[in-house]
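**Student:** Compute the structure for the input listed below.
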Amino acid sequence: MDKNLLIFIAVGIVFMYVVSNFVTELQKEDEQLQSSTFHQKHSIDKFIKKDSIGQTILDVEGEPLELQVSAWNHSALRSELVEYFPDFDTMKLFAKDRVRGEELKTKLIKYIDTIEKRFFAGEIDAEKAKKELATLK
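**Tutor:** Residues are numbered from 1 along each chain as shown. Sure thing, here's the model as predicted:
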């Protein structure tokens, strides 16, 4: 290949990177430029906080249950919870320690209990259990 073509491609990639980062920064600052995709990705940012020992928590106290469930399903904490599979007791402790909002916490622990019973009864395999744990209904 020609060196000029490679340089042109490299400059194009750098240009696209700079433009995409610039647009993202503009969207963060100017509400008129925020797309629905941007709102969807950042809708739960206000619920993500740090506790006294520096752990990330989901604080949805006082919000409607539907919003609490949506925040859980879009948070990184749910994938962290699934990493503890098949240790269901640790998963329940994780939910108690890292979720603020009694309705969501209660629903999540009941959901973990339901999946635990189905898993140990042989109704679902490990992959199906992980998939179900990844999305709270």
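
**Student:** tell me the pLDDT at residue 118?
**Tutor:** In this model, residue 118 is scored at 90, pLDDT.

**Student:** residues touching it, list them.
**Tutor:** Residues counted as contacts of residue 118 (CB atoms under 8 Å, 6 or more residues apart in numbering) are 124, 129. C-beta here means a position set from N, CA and C on the backbone, and glycine is covered the same way.

**Student:** mind checking how far it is from residue 112?
**Tutor:** According to CB to CB, to the nearest Å, residue 118 stands 11 Å off from residue 112.

**Student:** what's the answer for residue 17, then?
**Tutor:** Residue 17 sits 41 Å away from residue 112, going by CB to CB.

**Student:** Go through this structure and flag its longest helix.
**Tutor:** helix 3-29 (DSSP state H).

**Student:** Output the lowest mean pLDDT helix or strand found in the chain.
**Tutor:** Every helix and strand of the chain was ranked by mean pLDDT, DSSP states H and E. The lowest is helix 36-42, at a mean of 57.

**Student:** Heading C-terminal from it, find the next helix or strand.
**Tutor:** Next in sequence after helix 36-42, counting helices and strands by DSSP states H and E, comes strand 48-50.

**Student:** Could you list the paired strands of whichever helix or strand comes after that following strand along with their orientation?
**Tutor:** On the C-terminal side of strand 48-50, the closest following helix or strand by DSSP H and E is strand 56-59. Strand pairing for strand 56-59, using DSSP bridges, gives strand 48-50 (antiparallel), strand 99-100 (parallel).

**Student:** Could you list the residues in contact with the last one?
**Tutor:** This means strand 99-100. For strand 99-100, contacts defined as CB under 8 Å, 6+ apart pick out 57, 58, 59, 60, 61, 72, 77, 105, 108.
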